[in-house]
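Chemist: I would like the atomic coordinates for the input below:
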Amino acid sequence: MNVRWQQVSVLAGKRILLIIGGGISAYKSLELIRRLSESGASVTPILTYAGEEFVTPLSVSALAGQKVHRTLFHYDDEVEMGHIQLSRASDLIVVAPATADLMAKMAAGMANDLATTVILATDTPVLLAPAMNVRMWAHPATRRNHATLIDDGIECVGPNDGDMACGEYGCGRMAEPTEIIAAIERRFSDRRLTGRRIVVTSGSTHESIDPVRYIANRSSGAQGSAIATELARRGADVVFITGPAAVLPQGKVERIEVETAREMAIAVDRALPSDVGIFVAAVADWRLTSVANSKIKKHAGQVPVLELTENPDILKTVSRKEKDRPRLIVGFAAETANIEMNARKKLEQKGCDWIIANDVSSEVGVMGGSRNKVIFMSSTETEYWPCMEKTAVARRLVDRIATALDD
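Modeler: I've put the predicted structure just below:
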């Protein structure tokens, strides 16, 4: 008797709603459907009018084994399964290819066809595989739309560098079906952080000079929010302590808003004990010894003297705790020169377990931008991570955290 053992895919039984946009890379969607089906997932396809210019409804339906949904105003479809139900009857929505046009409509919250209406009406996670000409991908409008979608909690895979159908070369090629499958599997497979309590600090702090002015750091909170979002997605119980910030996390997180470094220090202490502490916030190092009760007036030839005192060192304080110290403490080092040397010194002086260092010089555009290039440091390792989206940095860091907690 021959006994065959077959590993059950994490995609087995998963329901994928696949939206096929209108681009030459739509042909890859056929391979994606085949691979998803082989992995045990069911694929419900939506084919846009533009997508029909590149692949046929018949080929899509044959591979998916299901009816292709094409129009918002179809009597039978709305009777059998309205677009609202369609938007929620899946475990994940995948848009591949996600054209510049589709991304623009999504970022603007438009709902003028079946694909965009389904996306706007859903509470299901969405994964995009962008695909377009290199200049379209680099255009400021597309970059803004991409950043908006990321801030909305939508995940992207790709695009990749390579030859374009138009004859140009650069970033804009849709990720390969195997890459998209891997991204989908990650969403369903890693729940190792379920039940883990993790404290994340983010944003900047504001230290008042008078009722109008303050001292602050240039932080949008994007990296801290990306980390908190990824932790929550993987099942962690996240306490997100944030100073003033432009970007907030998605998903189920406990959010505590503070303004000053001292308020953040108190909030962190109250949030302990925890399994992990991740200190991303750009905390002001100093505050005024005395804050003016009214606006300091400008007088010709007279410059006010501001006396400063040190703020609490939250990372060092938590790292040196004898009681309630998190098992793993991750600090961030925002530097403008001698990045590696200064980060290594901070790792040793603060007493944390890991340091994530990055160059925040104004010409790099990390603060307020969507991408980051970091150096990962521990007492025994130094890794140079390539420049990537802040969401990708978050995924890579959270992967390491999950693995460390398993050891």
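
Chemist: mind listing what the closest residue to Val360 other than its chain neighbours touches?
Modeler: Among residues not flanking Val360 along the chain, Ala334 sits closest, at 4.4 Å (Cβ to Cβ, 6 or more residues apart in numbering). Bear in mind the C-beta positions are built from the backbone N, C-alpha and C, glycine included. Contacts for Ala334 (Cβ atoms under 8 Å, 6 or more residues apart in numbering) come out as 217, 282, 358, 360, 367.

Chemist: and the strands in the stretch 101-250 of the chain?
Modeler: For the stretch 101-250 of the chain, the strands defined by DSSP state E, counting those that start in this stretch occupy 126-130, 155-156, 160-163, 169-173, 197-202, 207-208, 214-215, 237-242.

Chemist: list the contacts for Glu155?
Modeler: Per Cβ under 8 Å, 6+ apart, neighbours of Glu155: 125-128, 183, 187, 391.

Chemist: among the contacts of Ala334, which are in strands?
Modeler: If you go by DSSP state E, the contacts of Ala334 have Asn358 in strands.

Chemist: which of the contacts of Ala334 tops the neighbour count?
Modeler: Greatest neighbour count in the contacts of Ala334, by other Cβ atoms under 10 Å, goes to Ala282: 24 neighbours.

Chemist: show me what the residue nearest to Val360 bridges to in the sheet.
Modeler: For Ala334, the beta-bridge partners are Asn358 (DSSP bridges).

Chemist: in PDB, list the C-alpha atoms belonging to the longest helix that the chain contains.
Modeler: Assignment by DSSP state H gives helix 390-406 as the longest helix of the chain. C-alpha atoms of helix 390-406 as PDB (Å, rounded to 0.1, in the frame of the first residue of the first chain):
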ATOM      1  CA  LYS A 390       8.100  51.400   6.100                       C
ATOM      2  CA  THR A 391       5.400  48.700   6.000                       C
ATOM      3  CA  ALA A 392       8.100  46.200   4.700                       C
ATOM      4  CA  VAL A 393      10.500  47.300   7.500                       C
ATOM      5  CA  ALA A 394       7.700  46.600  10.000                       C
ATOM      6  CA  ARG A 395       7.100  43.100   8.600                       C
ATOM      7  CA  ARG A 396      10.800  42.200   8.700                       C
ATOM      8  CA  LEU A 397      11.200  43.500  12.200                       C
ATOM      9  CA  VAL A 398       8.000  41.700  13.400                       C
ATOM     10  CA  ASP A 399       9.300  38.500  11.800                       C
ATOM     11  CA  ARG A 400      12.400  38.800  13.900                       C
ATOM     12  CA  ILE A 401      10.400  39.500  17.100                       C
ATOM     13  CA  ALA A 402       8.200  36.500  16.600                       C
ATOM     14  CA  THR A 403      11.200  34.300  16.000                       C
ATOM     15  CA  ALA A 404      13.000  35.700  19.100                       C
ATOM     16  CA  LEU A 405      10.000  35.100  21.400                       C
ATOM     17  CA  ASP A 406       9.800  31.500  20.100                       C
END
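
Chemist: would you map the helices across the stretch 1-150 of the chain?
Modeler: 27-38, 57-64, 75-80, 83-88, 100-108, 114-121, 134-138, 140-151 (DSSP state H, counting those that start in this stretch).

Chemist: taking strand 126-130 as reference, get the angle to the first one.
Modeler: Direction vectors for helix 27-38 and strand 126-130, defined by axes from the mean of the first three to the mean of the last three Cα atoms, to 10 degrees, enclose an angle of 140 degrees.

Chemist: again, but for the second one
Modeler: Taking the same axes, to 10 degrees, helix 57-64 and strand 126-130 form an angle of 130 degrees between their directions.

Chemist: and stretch 124-136, how far from the chain's centre?
Modeler: Taking Cα atoms, centre = their mean, to the nearest Å, one finds the center of stretch 124-136 at 15 Å from the center of the full chain.

Chemist: ok, now stretch 322-329?
Modeler: Relative to the mean C-alpha coordinate of its chain, stretch 322-329 is positioned 26 Å out (Cα atoms, centre = their mean).

Chemist: which residues sit against it?
Modeler: Under Cβ under 8 Å, 6+ apart, the answer for stretch 322-329 is 199, 272-277, 279, 315, 318-319, 352-354, 401, 404-405.

Chemist: give me that answer again for 10 Å
Modeler: By Cβ atoms under 10 Å, 6 or more residues apart in numbering, the residues outside stretch 322-329 that reach it are 196-199, 269, 271-279, 315, 318-319, 321, 350-355, 400-401, 404-405.

Chemist: go on, stretch 289-301?
Modeler: 207-214, 304, 306-309.

Chemist: which residues touch Cys156?
Modeler: Per Cβ under 10 Å, 6+ apart, neighbours of Cys156: 95, 98, 103, 126-130, 146, 149-150, 175, 183, 389, 391-392.

Chemist: among these, which one sits closest to Arg88?
Modeler: Val126 (12.3 Å; Cβ to Cβ).

Chemist: ok, the closest one touching Asp91?
Modeler: No. Using Cβ atoms under 10 Å, Val126 and Asp91 do not qualify as a contacting pair, with a distance of 11.6 Å.

Chemist: TSV for the contacts of stretch 289-301, including pLDDT?
Modeler: Listed next are those as TSV, based on pLDDT from 0 to 100:
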residue	pLDDT
Glu207	95
Ser208	95
Ile209	94
Asp210	93
Pro211	92
Val212	93
Arg213	93
Tyr214	92
Pro304	88
Leu306	91
Glu307	94
Leu308	94
Thr309	96
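
Chemist: where helices are concerned, which of these count?
Modeler: Per DSSP H, the subset of the contacts of stretch 289-301 in helices is empty.

Chemist: which of those residues tops the neighbour count?
Modeler: Counting neighbours by other Cβ under 10 Å, the top entry in these is Glu207, with 23 neighbours.

Chemist: can you tell me which helix or strand of this protein has the lowest average pLDDT?
Modeler: helix 75-80 (a mean of 50; mean pLDDT, DSSP states H and E).

Chemist: if we can go back for a sec, now tabulate the contacts of stretch 289-301 in JSON lines and tack on distance to Leu30.
Modeler: As requested, the contacts of stretch 289-301 are exported to JSON lines (distance: Cβ to Cβ, whole Å):
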{"residue": "Glu207", "distance to Leu30": "57"}
{"residue": "Ser208", "distance to Leu30": "60"}
{"residue": "Ile209", "distance to Leu30": "61"}
{"residue": "Asp210", "distance to Leu30": "64"}
{"residue": "Pro211", "distance to Leu30": "62"}
{"residue": "Val212", "distance to Leu30": "60"}
{"residue": "Arg213", "distance to Leu30": "60"}
{"residue": "Tyr214", "distance to Leu30": "56"}
{"residue": "Pro304", "distance to Leu30": "69"}
{"residue": "Leu306", "distance to Leu30": "65"}
{"residue": "Glu307", "distance to Leu30": "69"}
{"residue": "Leu308", "distance to Leu30": "63"}
{"residue": "Thr309", "distance to Leu30": "65"}
